[in-house]
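1. below: sequence and its predicted model.
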Amino acid sequence: MTDLAIVTEKLVRRFGALTAVDNVDLRVTAGQFFGFLGPNGAGKSTTIKMLTGLLAPTSGRMQLLGLDFSSHTLEVKRQIGVVPEGMGLFERLTGVEYLHFVGRMYGLDRATTLKRTGDLLEFMQLADRPKSMIADYSHGMQKKLALAAAVIHAPRILFLDEPFEGVDALAAGALKSLLGRMTARGVTIFLTSHVLEIVERLCSHVGIIHQGRLVAQGSIEELRAGIAGKEGNKTTLEQIFLSIVGQSGAERAQIEELSWLT
Amino acid sequence: MADVAQPIGILKQISLIAGLRWRLLHNNLRKKQSRLDLIGLIVLSLLAAAVVLGLSFAFFAGAYDFASTGKAGLLALLFWAIFLWWQVFPIVVAGFGVSFEFRTLLRFPLSFGAFYIMGLAYGLADFTSLAAVCWLLSIVIGASAASLTLLPALLIVTAPFVLFNVTLERLLGSWLERLLARRRSREIFFAAFILLMVSLQLLGPLLNRYENSAAPWAARVLPYFAYFPASLAGRGVGSASLGDFRGLLLDACGISLYAVFFGILLWLRFAAQYRGEELAESPAPQRPITRAELKPESRADALGLLSPQVAAVIRKEFRYLLRNGFAALLLFLPPILVLALISQAASFRFVGSKTGFSSEFFFPGLVAYIILILMAPAYNSFAYEGNGVQTYFTAPVRFREVMLGKNLVQVCLILTELVLCVIAFSYRVRLPLAPIFAATLAAIVFTVVGQLSIANWSSLSFPRKLAFGQVHGQRQSGMAVLVAFGAQILLFGISSLVLGLGRWTGDRWLPAKAFALLAAAAVGGYVASLDALTAYAEKKKEGLIEALCR
């Protein structure tokens, strides 16, 4: 049997009367590059927040690396890395100080933390502003730093919420290469992105969430095969996504009504 | 081309902003946290209103007395009191100011006129200004009640006096904020500030020594104060009471000139803000940049006895403290004020004087004051974390370690300041007798540790994000302030009771023994509370993240 890195069973999260995540059963195999897609407000961020301990589920179970999240919270957290929505940076520290802080929070010893801090800053091309506060970094630099912090303890699962947003093409290329090498070494990457081309190029498997429900899950080939007959093997992920999620008649009508703009 | 047919007028813009403020307040009340915050604010406002009203009666009585005894010119003393309050108090309590940052409106096509008026209006809408206006009204009513003919004169000088104070207060706040925004100027400012405060300590002894020769010098200097707005206001009313309306108009014009002068300076400051002035911590690099040199650590870890997580939190807290100019500035104030008090106590031969006071009560009082001021930030200890708070929940760390780190920093600061004050006290006055000294030490443990447990709970329950290093546009959570008041009243009430019991029973060591027991209970309670807080933080994490990451 294949090792499962992430398993959720009937995962539910309600906010008052709104059910943001509705009975989601996810299966992500270890070493997979998994793309988690969905329209705005579909429940992507809520799911990722629950999987990383930022939000408690209303009901359901989550298992990461075979460990139940609720009963082995710290053990699970030691093995995952997160770039959360908003990046979770302490903006009044410098990049060096922040990485040092995160390394120590994950229990790395000082020498290892320092060595990895230097390596990561160099790799992310952030080493040339040692005294700048994170608040003075550009958005892309902050994103790279958040990613560096997420991997400093060499996690076995990496959760990335929109990791390439605001990152320049040069750095994005290096990051993609790094992430690819990480998955080759068995690290599981769980990524959300609105840029379907990136997901299609990087991810081997995807899950699509719509109105809180997981409406599709599998390898891109499997999903492509699911809608084959219409476009055959040339179907892009965007076409798969639109055919599964669809664009409602109401949305189309609204667009048509914006005559003053279009 | 955009569809904006014509620019809207200043009044319309202001009414739109007022409407926006109302919608923000109204919509905010949908959340339980905000409703609690509002309840806290209302209770605090009632308390503050009681104090303001009490002082209003004092101003009324003073003004009535001066006007009815033909000494209307002495109203200047009251105007000076209001002036000092208006300019100094906002800096001391900036954390309780207005929460809306009007500069965020700059992304809209807001005219500079509307921006300037809004800036002034916000200056008039905070607690300090409202209290000052209230007291000015009391002066006007009090003096008019004594002599109705003074009413026009009072109105003529009070209106520009209000305008002058509002513009100056906004200007000082804006300058201070700008000054503290950059590291280099912050360091210079702190150095100058500390130097000034230390110099003031020498003022008392110098005055004592050169009392006779200083008097003529002071007499020469004092007349110059006659040209300041507060003096002009008092003199103007005094002139009117003598029928000298030319003098009244001249003095009113003088105050107006001050208002115009500072209004122009404020105009320039606001114009810079309107153009999009950035108060960033450090500028973009312009020279060839240097690579980070990360030398391997050879020194022993100073915090090696602590867990890596607690040590990391402590380091982070210290860095944040040192970089938050305004918070760091407030840390210096308590010991400086204490030193000033000690200096006064020593120069007036306070100990053993016939006044009945002694260091027996003075010493615990000073300690209580320091604890009271320095513990206040602990009740909203996540205020400056921002998005970083998420790290505490994604990292493999129990919240007890985060709290412990934060609390240790707090305790360290308090201890350092207390030790400095004890040294100064023993040098300038003398230490109290052993029973009182021991009781005070035990009481420190009791009140600090006792408050920490409550403050930790408050920080998790009523978090509120504060902007780093900003002076204006900041407000603590109303409930957090209320909890802080409640806890401090309770703990200091217990402490007073214990001290009173010692005096009543005649057992001088009773307070020390009682405080030792209370301190042990507080430490036990604190240790027990840490695990409970870990579970509580898990329960409250959504609210905490939402409040700090927005």
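-> Good, I have the coordinates. Numbers count the residues shown, from 1 in each chain, chains lettered A, B, ... in the order given.
2. quick one, strands of the stretch 151-262 of chain A?
-> Assigned by DSSP state E, counting those that start in this stretch, the strands in the stretch 151-262 of chain A fall at A:157-161, A:188-192, A:205-210, A:213-219.
3. tell me which helix or strand of chain A sits lowest on mean pLDDT?
-> Lowest by mean pLDDT, DSSP states H and E among the helices and strands of chain A is helix A:249-257, with a mean of 61.
4. neighbours of the closest residue to chain B within the stretch 151-262 of chain A, how many?
-> Taking C-beta to the nearest C-beta, chain B has its nearest neighbour within the stretch 151-262 of chain A at A:Trp260, 7.8 Å off. Quick note: C-beta positions are derived from backbone N, CA and C, even for glycine. Burial of A:Trp260 is recorded as 6 neighbouring residues (other C-beta atoms under 10 Å in any protein chain shown).
5. what of B:Ile42?
-> Neighbours of B:Ile42 using other C-beta under 10 Å come to 12.
6. burial check on B:Pro160, number of neighbours?
-> B:Pro160 has 23 nearby residues by other C-beta under 10 Å.
7. just A:Ser138 next, same as before
-> A:Ser138: 12 neighbours (other C-beta under 10 Å).
8. what's the angle from the longest helix along chain A to strand A:157-161?
-> Selection of the longest helix in chain A by residue count, based on DSSP state H, yields helix A:169-184. Put simply, helix A:169-184 runs at 150 degrees to strand A:157-161, going by axes from the mean of the first three to the mean of the last three C-alpha atoms, to 10 degrees.
9. tell me the mean pLDDT over helix A:169-184?
-> Helix A:169-184 carries an average pLDDT of 84.
10. how about stretch A:143-158?
-> The model assigns stretch A:143-158 a mean pLDDT of 93.
11. now stretch B:491-506
-> The model assigns stretch B:491-506 a mean pLDDT of 87.
12. contacting residues around that stretch?
-> Here stretch B:491-506 makes contact (C-beta atoms under 8 Å, 6 or more residues apart in numbering or on different chains) with B:364, B:368, B:372, B:435, B:439, B:443, B:446-447, B:450-451, B:508-511, B:514-515, B:518.
13. please save the CA atoms from that stretch in CSV.
-> Coordinates of each C-alpha in stretch B:491-506 appear next as CSV, following Å, rounded to 0.1, in the frame of the first residue of the first chain:
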residue,chain,number,x,y,z
LEU,B,491,-4.1,43.2,43.7
PHE,B,492,-3.2,46.6,45.1
GLY,B,493,-6.3,46.6,47.2
ILE,B,494,-5.2,43.3,48.8
SER,B,495,-1.7,44.7,49.2
SER,B,496,-3.0,47.8,51.0
LEU,B,497,-5.2,45.6,53.2
VAL,B,498,-2.2,43.5,54.2
LEU,B,499,-0.1,46.6,55.0
GLY,B,500,-3.0,48.1,56.9
LEU,B,501,-3.4,44.8,58.9
GLY,B,502,0.3,45.0,59.8
ARG,B,503,-0.1,48.5,61.1
TRP,B,504,-3.4,47.7,63.0
THR,B,505,-2.0,44.6,64.7
GLY,B,506,1.3,46.2,65.4
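14. you'd agree B:Leu374 is up against B:Val338?
-> No: with contact defined as C-beta atoms under 8 Å, B:Leu374 does not count as touching B:Val338 (11.1 Å).
15. overlap in contacts, these two.
-> Joint contacts of B:Leu374 and B:Val338 (C-beta under 8 Å, 6+ apart) do not exist.
16. gap between the nearest residue to B:Gly525 once chain neighbours are set aside and chain A?
-> Among residues not flanking B:Gly525 along the chain, B:Ser453 sits closest, at 5.7 Å (C-beta to C-beta, 6 or more residues apart in numbering or on different chains). B:Ser453 sits 23 Å away from chain A, going by C-beta to the nearest C-beta, to the nearest Å.
17. which residues touch the nearest residue to A:Asp22 once chain neighbours are set aside?
-> Using C-beta to C-beta, 6+ apart and skipping residues adjacent in sequence, the residue nearest A:Asp22 is A:Gly212, 3.9 Å away. Applying C-beta under 8 Å, 6+ apart to A:Gly212 gives the contacts A:19-22, A:24, A:42-43.
18. from those, which single one is nearest chain B?
-> A:Ala20 (12.1 Å).
19. quick check: that closest one is in a strand.
-> Yes: using DSSP: H, G, I helix; E, B strand; the rest coil, the assignment for A:Ala20 is a strand.
20. remind me which helix or strand B:Arg220 belongs to.
-> Following DSSP states H and E, one finds B:Arg220 within helix B:211-221.
21. now do the helix or strand that that helix is followed by: which elements does it pack against?
-> Next in sequence after helix B:211-221, counting helices and strands by DSSP H and E, comes helix B:229-241. Judged by 3 or more C-beta pairs under 8 Å, 6 or more residues apart in numbering or on different chains; DSSP states H and E, helix B:229-241 is in contact with helix B:75-92, helix B:151-181, helix B:245-274.
22. got a list of contacts for helix B:229-241?
-> By C-beta under 8 Å, 6+ apart, helix B:229-241 touches B:67, B:70-80, B:82-83, B:143, B:147, B:149-150, B:152-154, B:156-158, B:160-161, B:164, B:225-226, B:245-248, B:250-252, B:254-255, B:258.
23. pull out the buried members of the residues you listed.
-> Neighbour counting with 16 or more other C-beta atoms under 10 Å in any protein chain shown marks B:67, B:72-76, B:78-80, B:82-83, B:143, B:147, B:150, B:153-154, B:156-158, B:160-161, B:164, B:248, B:251-252, B:254-255, B:258 as buried within those.
24. give me the domain ranges for the chain.
-> You didn't say which chain, so I picked chain A. With domains defined by automatic domain parsing, chain A comprises A:4-79+A:155-257, A:90-154.
25. try chain B instead
-> B:10-206+B:226-274, B:313-549.
26. tell me the most buried of those domains?
-> domain B:313-549 (a mean of 19; mean count of other C-beta atoms under 10 Å in any protein chain shown).
27. B:Val338 contacts B:Ala424, correct?
-> Yes: the criterion here is C-beta under 8 Å, and B:Val338 meets it with B:Ala424 at 7.4 Å.
28. and the gap between the closest residue to B:Phe245 other than its chain neighbours and B:Leu306?
-> Closest residue to B:Phe245 apart from its sequence neighbours, by C-beta to C-beta, 6+ apart: B:Ser239 at 7.4 Å. For B:Ser239, the distance to B:Leu306 equals 68 Å [C-beta to C-beta, to the nearest Å].
29. I'd say A:Thr192 and A:Phe36 touch.
-> Yes: at 4.7 Å, A:Thr192 counts as touching A:Phe36 under the criterion of C-beta under 8 Å.
30. quick check: neighbours shared by those two?
-> Counting by C-beta under 8 Å, 6+ apart, the residues touching both A:Thr192 and A:Phe36 are A:44, A:48.
31. neighbour count winner among the two?
-> A direct count of neighbours by other C-beta under 10 Å for A:Thr192 and A:Phe36 places A:Phe36 higher, at 29 against 23.
32. and that one, bridged to which residues?
-> A:Thr192, A:Gly207 (DSSP bridges).
33. which residues in the stretch 301-450 of chain B form strands?
-> According to DSSP E, counting those that start in this stretch, the stretch 301-450 of chain B contains no strands.
34. sorry, back to before: tell me which of the domains of chain B lies nearest to A:Gln239.
-> Between A:Gln239 and the domains of chain B, the tightest spacing by C-beta to C-beta is seen for domain B:313-549, at 34.9 Å.
35. what stretches of the stretch 401-550 of chain B score poorly on pLDDT?
-> Residues of the stretch 401-550 of chain B meeting the criterion pLDDT under 70: B:469-475.
36. pull up the residues of it that are close to chain A.
-> B:468, B:538, B:541-542, B:545, B:549 (C-beta under 8 Å from any C-beta of the partner chain).
37. try 7 Å
-> Residues of the stretch 401-550 of chain B that fall close to chain A, judged by C-beta under 7 Å from any C-beta of the partner chain: B:468, B:541-542, B:545, B:549.
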